[in-house]
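Asks: Here is the input, now give the coordinates:
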Amino acid sequence: HTASTTLEKFITNEQKKIKLELMQTIPHLQQRGLLNSTKWASELLLDLKDIPLPENEPILNNEPYDEVYFLAKTYFDLKEYYRCAHILSTAQDVNQKYLFLQCYALFLVGEKKKAEKIVDLNDNTKVENKELEEIIDILSLCDELDGYCLYLYGIVLREKSRINDAKDCIIQSLFKSPTNWSAWLDLADMIPDKQVLQYLELPDHWMKLFFMAHVNVELQDIEEGMKLYNFLHDCFPSNKNIQAQIACSHYHMQEFDEAMVLFEQIFDEDPYRITDLDTYSNILYVRRETARLSYIAFKATETDKYTPETCTIIGNYYSIKSSHEKAVLYFKRALKLNPKYLTAWTLIGHEYVELKNTSAAIAAYRKAVDINSRDYRAWYALGQTYELLTMPLYAIYYFQKAALIRPYDARMWCAMAECYEVSGNVTDAIKCFERALHNVDKEGIALNKLAKLYSNLGDLEKAAYYFKRNLTRRDNEGVRGEETIDALLFLAQYCRDQNKFDDAAEYCNRLLDYSGKSKEEAKALLREIHSKQGKMHSNNINSENSMNDEHSRTFDSSLDITMDSISTFDTESITFDDITMDTTGDITMDITDSLDFTGTNEEFDSFESS
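Replies: Coordinates of the predicted model:
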């Protein structure tokens, strides 16, 4: 964190030095044929066009004109790779620049031949680049390699599946040539998780911030990646690469509205930019915006029809029109142009599912995870496919893989929970649905499922809690349907059993707005509720009458005077002080033996009545 803060301050305060470094680097990248790095650095430099250069600083190295190298580079640019490698191999004065271009030309021609040998995209037979061994032999002859040759050596080792050695080589190359963006990207592809990233020793160069932003998004730590990209966007406000990465981050977070606004802005400012346009087409596909997708496909075809991105956009257009065979055709074209194009592998798998060709779909998804094991979409799609094949245990395995990459994505947990439910593991299903709820289940699947599961288990209190939450959510969204009916019916019955008749009647009255069986059940419940309310009211009246009788009996008993013990009674001797109130609230008269009463029994009876 401290290193990142220091680099942020450097980018903010030292843009003159950044501009100078880019101007010195771009010619070296261009001379070595690293076109993507050259384009990236040149676009970044354009943002600094108004920044003055430091005084008394050399911009370019005045190298002497090299006839052999420039001829070889011309062959390289014309994709005559063998001629390029041959003329450099016969040169007398060999240097690091010669060495790099010769080996890079051999590497590219080997990749071209490898692609030509892949006839069937679903063929799992591994085809190797036949030039790798020769490249290793050439580079091994040199005692010390510069940053660019180390980078190429790392790429070759990666193709030989020596990942750790490849990683070390590329990190060494970054210490020597830190402005080679291609090296940062290839290093990011070899980082499987955040733990490995944490222990990498990387140069404290301003390019590291771009790398950290990119790799955080790749590892699905979108929030951290967005923070870095927003900072970089403040420093380079018109850079399209940064804007596109922010838009892609919104896409990964399913914030399609924000992503669309950014992609529209980029497209309006640079209508011939193909990079990342396939992600924009994915958003248009999800939102079912057929007309806009058609226009984007037309513009991409007009710009360059022979790119993987253009073929993918056209494939999305045919897919939204339900022409799945044509969509498969264009996704295959994209993969012919770039066999490692991850998006096309996933999308062609979706089309195979639509065509009910599940075996081909599974093969395509497996290709995607072989290329990039961090691609949660391919793992998730594999789980869905096995779920369609009613193989829940296999599906759970792949959903777990997806959830491991995106633990905050509620969709992964809901999918896993449904498979647990099907396989009879209700306990784990409830845990997964609760995890989905904790991670903001936007689709509202978890609430309804939890309510029904707890209802089936007999835990009516928890079931009522989740039904009520789901009903509130649907009311806020203005959604009606079966889930709303189920929630209202359950809550009406639950409140009836809890003697909350007013709440139960309210739920029943809402059910009367629906037709069918639910309406009849609501009417029956209302009759039952009114009947119970009537009985309860009658019982209350009887209880009150019974209480009044009890009070009356208490009053009578308080006047229990033994007639035999009284022989005389003097009425004139009774005063108000002799009348008292007992603990029951009844009036009693304190008549003692000392009272002097003279008279007959008939006279006493007359007094008692009065």
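Asks: how about the strands in the chain?
Replies: 579-581, 587-589 (DSSP state E).
Asks: Report the rounded mean pLDDT for stretch 247-267.
Replies: Stretch 247-267 shows a mean pLDDT of 94 in the predicted model.
Asks: Not counting it itself, show me its contacts.
Replies: Outside stretch 247-267, the residues that touch it by Cβ atoms under 8 Å, 6 or more residues apart in numbering are 217, 220, 222, 225-226, 229, 240, 243-244, 246, 273, 276-277, 279-280, 282-284, 286-287, 296, 442. The C-beta positions use only the backbone N, C-alpha and C, and glycine is treated the same way.
Asks: and the residues you listed, which are buried?
Replies: With neighbours counted by 16 or more other Cβ atoms under 10 Å, the contacts of stretch 247-267 contain buried members at 217, 220, 222, 225-226, 229, 240, 243-244, 246, 273, 276-277, 279-280, 282-284, 296.
Asks: Near the residue nearest to residue 282 when sequence neighbours are not counted, how many residues? Count them for me, please.
Replies: Counting by Cβ to Cβ, 6 or more residues apart in numbering, the nearest residue to residue 282 once its immediate chain neighbours are dropped is residue 316, at 6.7 Å. Applying the criterion other Cβ atoms under 10 Å, we find 26 residues in the vicinity of residue 316.
Asks: Residue numbering should commence at 18 henceforth.
Replies: Sure, I'll start counting at 18 from here, so that last one is residue 333.
Asks: Residue 42 versus residue 333, what's the distance?
Replies: From residue 333 across to residue 42, the span is 37 Å (Cβ to Cβ, to the nearest Å).
Asks: Tell me which residue lies nearest the centroid of the chain.
Replies: Nearest to the mean C-alpha position of the chain, by Cα atoms, centre = their mean, lies residue 426 at 3.6 Å.
Asks: do you know how far the closest residue to residue 354 other than its chain neighbours is from residue 295?
Replies: For residue 354, ignoring the flanking residues on the chain, the nearest one in space by Cβ to Cβ, 6+ apart is residue 325 at 4.8 Å. When Cβ to Cβ is applied, the distance between residue 325 and residue 295 equals 8 Å.
Asks: Tell me which residues touch the residue nearest to residue 354, please.
Replies: For residue 325, the contact set (Cβ under 8 Å, 6+ apart) comprises 295, 351-352, 354-355, 358, 361.
Asks: Please name the nearest non-neighbouring residue to residue 445.
Replies: With Cβ to Cβ, 6+ apart as the criterion, residue 445 has its nearest non-adjacent residue at 4.5 Å, and that residue is residue 437.
Asks: ok, how many other residues are close to the one you found?
Replies: Applying other Cβ under 10 Å, I find that residue 437 has 22 neighbouring residues.
Asks: likewise the one 4 residues further on?
Replies: Applying other Cβ under 10 Å, we find 8 other residues in the vicinity of residue 441.
Asks: What distance do you get for it to residue 470?
Replies: According to Cβ to Cβ, residue 441 stands 12 Å off from residue 470.
Asks: Pull out the buried positions in stretch 453-465.
Replies: Judged by neighbour count using 16+ other Cβ under 10 Å, the buried positions of stretch 453-465 are 453-454, 456, 458, 461-465.
Asks: Now compare those residues and name the two farthest from each other.
Replies: The two members of the buried residues of stretch 453-465 with the most space between them (Cβ to Cβ) are 456 and 465, at 16.4 Å.
Asks: just the helices in the stretch 68-217 of the chain please.
Replies: For the stretch 68-217 of the chain, applying DSSP state H, counting those that start in this stretch gives helices covering 84-94, 98-106, 113-134, 149-157, 164-176, 180-193, 198-206, 211-215.
Asks: highest average neighbour count across those helices?
Replies: Among the helices of the stretch 68-217 of the chain, ranked by average contacts under mean count of other Cβ atoms under 10 Å, first place goes to helix 164-176 (a mean of 23).
Asks: pLDDT of that one, averaged?
Replies: For helix 164-176, mean pLDDT rounds to 95.
Asks: do stretch 203-220 as well
Replies: What stretch 203-220 shows for mean pLDDT is 92.
Asks: for stretch 531-545, same thing?
Replies: In this model, stretch 531-545 has a mean pLDDT of 88.
Asks: buried ones in it?
Replies: Quick answer for stretch 531-545 (16+ other Cβ under 10 Å): 531, 535, 538-539, 542-543.
Asks: now do stretch 421-429
Replies: Going by neighbour count (16+ other Cβ under 10 Å), the buried part of stretch 421-429 is 422-423, 425-429.
Asks: before we move on, what about stretch 428-439?
Replies: Residues 428-438 are the ones in stretch 428-439 that count as buried (16+ other Cβ under 10 Å).
Asks: Not including adjacent chain positions, what is the nearest residue to residue 208?
Replies: Setting aside the residues directly before and after it, residue 208 is nearest to residue 214 in space (Cβ to Cβ, 6+ apart), at 5.2 Å.
Asks: can you pull the contacts of the one you found?
Replies: So, once contact is read as Cβ under 8 Å, 6+ apart, residue 214 ends up touching 208, 232, 236.
Asks: so who does the first one touch?
Replies: Think residue 208. 214, 217, 232, 235-236.
Asks: can you put those residues in a markdown table and add distance to residue 223?
Replies: A markdown table is the format used below for these (distance: Cβ to Cβ, whole Å):
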| residue | distance to residue 223 |
| --- | --- |
| 214 | 18 |
| 217 | 17 |
| 232 | 16 |
| 235 | 20 |
| 236 | 21 |
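Asks: Now for those: which two are most distant?
Replies: 217 and 235 (13.9 Å).
Asks: of these two, who's got more company?
Replies: Just comparing residue 217 and residue 235: by other Cβ under 10 Å the higher neighbour count belongs to residue 235, 19 against 12.
Asks: Show the contacting residues for that one.
Replies: Shown here is residue 235, whose contacts under the criterion Cβ under 8 Å, 6+ apart are 205, 208, 391.
Asks: Quick check: it vs residue 211, distance?
Replies: 11 Å.
Asks: Show me how far stretch 112-120 is from its chain's centre.
Replies: Remark: stretch 112-120 is offset 45 Å from the chain centroid, using Cα atoms, centre = their mean, to the nearest Å.
Asks: Flag the shaky bits of this structure, pLDDT-wise.
Replies: Counting by pLDDT under 70, the chain shows low-confidence ranges at 18-21, 72-80, 136-142, 554-627.
Asks: just to revisit the earlier point, need the buried residues of stretch 421-429 in TSV with distance to residue 487, can you?
Replies: Formatted as TSV, the entries for the buried residues of stretch 421-429 read as follows, by distance: Cβ to Cβ, whole Å:
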residue	distance to residue 487
422	28
423	24
425	21
426	20
427	14
428	18
429	20
